[in-house]
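Q: Got a predicted structure plus its sequence, pasted below:
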Amino acid sequence: MTPQMGGVDSKPRLTKADFTSDQTVRWCPGCGDYSILAQTQKLMPALDIPRENVVFVSGIGCSSRFPYYMNTYGFHTIHGRAPTIATGLKIARPELSIWVATGDGDGLSIGGNHLMHCMRRNLDLKILLFNNRIYGLTKGQYSPTSEFGKKTKSSPFGTAEQPINPLEIAIASECTFVARSLDIDSQHLTATLERAARHKGTAFIEIYQNCNIFNDGTFDDFAAREVRAERMLMLEHGKPLLFGKNRDRGIRLNGLEPEVVTLGQNGITERDILVHDEKARQPTLAYLLARMTYPGFPVPVGVFYSASRPTLEGVLETQATQATAALGAGSLERLLKSGASWTVS
Amino acid sequence: MSVETEVSRPETVVQELEEVVIRFAGDSGDGMQLTGTQFADTTALVGNDLATLPDFPAEIRAPAGTLAGVSGYQINFSSHDIRTPGDAPNVLVAMNPAALRTNLDDLEDGGTLIVDADAFTDGNVAKAGYKTNPLRDGSLGRYRVFEIPITSMTLKAVSETGLAGRNASRCKNLFSLGMVFWLYERPIDYTRGWIEKKFKSNEQIQKANTLALLAGYNYAETTEVFNTHYRVRRAELAPGTYRSVTGNQATASGFIAAALLSGRPLFYGSYPITPASDILHELSRNKNYPVKTFQAEDEISAIGAAIGAAYGGSLGLTGTSGPGVALKSEAIGLAVMTELPVVIIDVQRGGPSTGLPTKTEQADLYQAVLGRNGECPVAVVAPATPAECFSMAIEAFRIAIKYMTPVFFLSDGYLANGSEPWRVPKVSDLPKIDVQFRTDPEGFQPYSRDPKTLARPWAVPGTPGLEHRIGGLEKEDVTGNVSYDPLNHDRMVRLRAEKIARIADDIPLIEVMGKESGRVLVVGWGGTFGAIASAVELLQKKGSPVSAIHLRYLSPFQRNLGEILKRFDKVLVPELNLGQLRTLLRARYLVDAVGLNKIQGRPFKVAEIVRAIEDLLGEP
């Protein structure tokens, strides 16, 4: 812990080093996970949460090694089940800041059911889904986000399965905060993580993460530095959906279909461009944006949707308070005496 | 034994009985469970000892009048100590031909049969598979038959409320209950009060049900159909306050008590499943206690959440039946590896697979003791009676917390739904559950161990200076870091086994029912206690050299078990499975135990156990 100048009462501010555990990081050199870890460790001191109140929970997979490297409380659980453990912990201890690290296999395949229900319950949890579109830890089988026809060890002739989109699942699951970022854009990633951290309710971030061993360059088509400006769309609340190096291309709504248009062509001005509204009453726009893929569209990143709704743990606390006010606090004496009884003397 | 005495109405006599077994049977929509429960609760308040056996189909409403749709509720009540719902009913109330057909074989010869004569229409008789109407063909000659037009009298009784048709005839179960209340000298007040509360939002239904109950009672009292009514005196129970509880109710109360005794909140994660759901219902109602409930999306989530809550310092509890345990197995392994105090309730039912959801069985013993990947030891306890579910629930968490381990609580459908009088303990008689969280960062190691219990420290998030990581990968001894070292793995596997083994030093020794040595020892566990104890006592009274022990601890076994087994020539293990405890006993103690095994979804009858013991005694 690095001491800082301050008044007698002021606590020393924590630094990134305080959130770095003594365990050797064992991801492959060059893995996108390193960046996500670094940005998370960097963000933590800024959140001003006591370190002992932070818990990272994970399932199984490369992404799920994450808790070992955070010098916080951590629980590396079993495949797909991290949201369940996080749910119990959050209900039991609402004051804790709980983060779930998962992947496309862990979160969307074996743990799909838990992820869906966790999001609809709106516990105040932060879920980071590292999407590398491959199974890395088991050495290269296709995942539920692998593109149709992809050749992998378990699909030598190409997959025969349609991939699913994590953000669409999140939206359909009534998640109250839905965002996407990417490992190689550290600034964007930090900002998105911070937005999630400050959201009250379940925050879901899909993080495009490169697996340089089994699926290297899977996002390069649009995410590589030299093409990113032309092929990705940075979402900003209240701002028009413009992209391109010169910000001269944008998204216009044609009926219910989005289309890419160029400013200045065919009389198109900025007023024709769709304006991003992450707080829209319905997540319709968020869903429409989530379905935009390259080629054809720029790939959006940022906050797609953000809504305010009571948290599960908050509702449960309220119910407990109300029941106690109405009935009086339960005690052993009361418990034993409840119900019809008779006495034998 | 019976004594006849005159009462005020000269034409009726009161016959005194020591013990009566009544079974109510009807369509699953006829309200037989309700009728039985009301009779049982009233009987408890009158002061009889009692034991009940609800028996219902898995279908909520099978087609009316069919054999598949028959639902029954049996109650045994007495003026002396009883332990089972009775082998054969003395009285059968059959609301239709299907109920008669499926239950008649159990009725004792000369038993009383009360039928709703209105329900014996040609259609219903045919639906039940009878070729001729049994009320007309003389086939019921062995019984004392009372044909009573229950439906039509119910309709007349409730007509003043304006209720008609199906809604009116649905009150017929209360008419029957009223009759039986009179027959056995039970007061109707308790049920009247219950009706008032239950239907307080619908005055018409409330009134109709009350009228039906009264009409049944008055019909029995004023007509000359029944010339005798029966008195069963209060049982000579030990002094104290009593409540009638089902096993599931006692289970829920016991776990709430564990929370209050430990000062830690209870967290219950569960997915609805028969016959465990009532525990979820019961705990969900008690939000003014330190109880949080979570209806999970599936069985895995239910235990995952319980593990998360235990990690956070709550009493992590999950409850299910056999198929749910199968789904939870991997997570139980996680709780073993991370050494967290979680209790898993398994209310066993007939298996495998979906099996017989509403019927009882004891076939999950292997699953509880052995059913996980790897060397994965857990503690297993099993209550013996519905009321004992209360104290064993407290015991389960005492062990879980002291030894930082998952503990199985093996109930079964028979215990869960059956009820009996429970002598409510005094608060001061309940054990304390000591909880020590680790708080000192000095020298903290997540996998250091208490030298005596081998428990690791309970270090909960939120404690400054104890930030650490746990998980399902093998742990390095002491530090808890991930370790793939071969010798470390060997050491950790043995440590986890030894920790469970040491629980044996911390649980009561087995007490032998009867002489300490002899010809035959009967060894039971779980819900078969009542039948076994009744059978053994019956034979002991005749001087047979038989004793019994009943195991409440299945893992680890109690320390004196091996030595007791050696003192008897023969060991009989009655189980509602193909011999799971027997196999464990044979493996552990090299004892040539023989089994009495019944897998019919029904509890043992006392006579079945008596016969098996006598057979064994008769062998050279």
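A: That came in fine, so what should we check first?

Q: And B:Ser2, what's its pLDDT?
A: Looking at B:Ser2, its pLDDT stands at 44.

Q: and the residue in the stretch 101-250 of chain A that chain B sits nearest to, what helix or strand is that in?
A: Residue nearest to chain B within the stretch 101-250 of chain A (C-beta to the nearest C-beta): A:His117, separated by 3.9 Å. Backbone N, C-alpha and C define where each C-beta goes, glycine included. Per DSSP states H and E, A:His117 falls inside helix A:112-121.

Q: Next, report how far that helix is displaced from the centre of its chain.
A: Centroid displacement of helix A:112-121 relative to its chain, using C-alpha atoms, centre = their mean, to the nearest Å, is 13 Å.

Q: Contacts made by it with the rest, please.
A: Outside helix A:112-121, the residues that touch it by C-beta atoms under 8 Å, 6 or more residues apart in numbering or on different chains are A:80-84, A:86-87, A:100, A:102, A:107-108, A:125, A:127, A:129, A:144, A:169-170, A:172-175, A:202, A:204, A:312, B:296-298, B:300-301, B:304.

Q: Can you name the next helix or strand after the helix or strand containing B:Asn103?
A: Element membership for B:Asn103, per DSSP H and E: helix B:97-103. Counting by DSSP H and E, the element after helix B:97-103 in chain order, helix or strand, is strand B:112-116.

Q: Within its sheet, name the partner strands of that next one and how each one runs.
A: strand B:91-94 (parallel), strand B:144-148 (parallel) (DSSP bridges).

Q: Nearest to B:Val591, out of these?
A: strand B:91-94 (42.0 Å; C-beta to C-beta).

Q: Leaving out sequence neighbours, find the closest residue to B:Trp525.
A: B:Leu551 (4.2 Å; C-beta to C-beta, 6 or more residues apart in numbering or on different chains).

Q: quick one, phi psi at the one you found?
A: Here is the backbone geometry of B:Leu551 (degrees, to the nearest 10): phi -90, psi 120.

Q: Could I get the contacting residues of it?
A: B:Ala382, B:Ile510, B:Val523, B:Gly524, B:Trp525, B:Phe557, B:Gln558, B:Leu561, B:Leu581.

Q: So which of those residues belong to strands?
A: Residues of the contacts of B:Leu551 located in strands (DSSP state E): B:Val523, B:Gly524, B:Trp525.

Q: Verify the contact between the first one and B:Leu554 for me.
A: By that I understand B:Val523. No: assessed by C-beta atoms under 8 Å, B:Val523 is found out of contact with B:Leu554, at 11.4 Å.

Q: how about the residues of the stretch 201-345 of chain A that lie near chain B?
A: Within the stretch 201-345 of chain A, the residues that sit near chain B (C-beta under 8 Å from any C-beta of the partner chain) are A:316, A:319-320, A:323-324, A:326-333, A:335-337, A:339-345.

Q: Who does the residue nearest to the spatial centre of chain A form a beta bridge with?
A: Centroid-nearest residue in chain A: A:Ile205, 2.3 Å away (criterion: C-alpha atoms, centre = their mean). A:Ile205 has these beta-bridge partners by DSSP bridges: A:Leu128, A:Ala179.

Q: sorry, back to before: give me the distance between the residue nearest to B:Trp525 and chain A.
A: Counting by C-beta to the nearest C-beta, to the nearest Å, the separation of B:Leu551 from chain A is 27 Å.

Q: per-residue confidence at that residue?
A: Per-residue pLDDT puts B:Leu551 at 98.

Q: The residues of the stretch 201-345 of chain A next to chain B, buried ones only, as a PyMOL selection?
A: Selection of buried members from those for PyMOL, criterion 16 or more other C-beta atoms under 10 Å in any protein chain shown:
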select buried, chain A and resi 316+320+323+330+332+335+336+341+342
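
Q: Out of the residues of the stretch 201-345 of chain A next to chain B, which sit inside helices?
A: A:Leu316, A:Gln319, A:Ala320, A:Ala323, A:Thr324, A:Ala326, A:Leu327, A:Leu332, A:Glu333, A:Leu335, A:Leu336, A:Lys337 (DSSP state H).

Q: okay if I get the residues you listed as CSV plus pLDDT?
A: Formatted as CSV, those follow (pLDDT from 0 to 100):
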residue, pLDDT
A:Leu316, 97
A:Gln319, 97
A:Ala320, 97
A:Ala323, 97
A:Thr324, 97
A:Ala326, 96
A:Leu327, 94
A:Leu332, 97
A:Glu333, 95
A:Leu335, 96
A:Leu336, 95
A:Lys337, 90
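
Q: out of the residues you listed, who's nearest A:Ser21?
A: Top of the list for closeness to A:Ser21, among those and by C-beta to C-beta, is A:Leu316 at 32.0 Å.

Q: Is it correct that that closest one is in contact with A:Ala92?
A: No: in this structure A:Leu316 lies outside contact range of A:Ala92 using C-beta under 8 Å: 10.2 Å.

Q: Give me the common contacts of those two.
A: Shared contacts of A:Leu316 and A:Ala92, counting by C-beta under 8 Å, 6+ apart, come down to B:Lys292.

Q: okay, now the domains of chain A?
A: Domains of chain A are assigned by automatic domain parsing as A:16-239+A:276-319, A:240-275.

Q: Can you give the distance of the first one from its chain's centre?
A: This means domain A:16-239+A:276-319. For domain A:16-239+A:276-319, the distance to the chain centre is 3 Å (C-alpha atoms, centre = their mean).

Q: How far does that domain stretch from one end to the other?
A: Using C-alpha to C-alpha, to the nearest Å, the end-to-end distance of domain A:16-239+A:276-319 comes to 39 Å.

Q: Over to the last one?
A: Domain A:240-275 stretches 4 Å from its first residue to its last (C-alpha to C-alpha).

Q: Pull out the buried residues from that domain.
A: Buried residues in domain A:240-275, defined by neighbour count with 16+ other C-beta under 10 Å: A:240-244, A:249-251, A:258, A:260-261, A:263, A:268, A:273-274.

Q: Now do the contacts for residue 312.
A: If you meant another chain, say so; for now it's chain A. A:Lys90, A:Ile91, A:Arg121, A:Asn122, A:Leu123.

Q: not what I meant, chain B
A: So, once contact is read as C-beta under 8 Å, 6+ apart, B:Gly312 ends up touching A:Gly88, A:Leu89, A:Ala92, A:Arg93, A:Leu96, B:Val460, B:Pro461.

Q: Tell me how many other residues surround the third one.
A: It stands for A:Ala92. A:Ala92 has 28 neighbours, counted by other C-beta atoms under 10 Å in any protein chain shown.

Q: Can you report phi and psi for it?
A: Dihedral pair for A:Ala92: phi -70, psi -30, per degrees, to the nearest 10.

Q: For it, list the residues it contacts.
A: With C-beta under 8 Å, 6+ apart, A:Ala92 has these contacts: B:Pro265, B:Phe267, B:Lys292, B:Gly308, B:Ala309, B:Gly312, B:Gly313, B:Ser314.

Q: if we can go back for a sec, out of the domains of chain A, which gets nearest to B:Asp440?
A: Closest among those, once you apply C-beta to C-beta, is domain A:16-239+A:276-319, at 13.5 Å.

Q: before we move on, the earlier item: with neighbour numbers in mind, choose between B:Val523 and B:Leu554.
A: Set side by side, B:Val523 and B:Leu554 show more neighbours around B:Val523, with 25 against 21, by other C-beta under 10 Å.

Q: circling back to that earlier point, tell me which two of the contacts of A:Leu312 sit farthest apart.
A: Every pair of these checked by C-beta to C-beta; the farthest is A:Ile91 and A:Asn122, at 12.3 Å.

Q: Can you tell me which residues in the stretch 51-200 of chain A are near chain B?
A: Contact residues, the stretch 51-200 of chain A versus chain B (C-beta under 8 Å from any C-beta): A:51-53, A:55, A:57, A:60, A:67-68, A:71-78, A:81, A:83-93, A:95-96, A:113-114, A:116-117.
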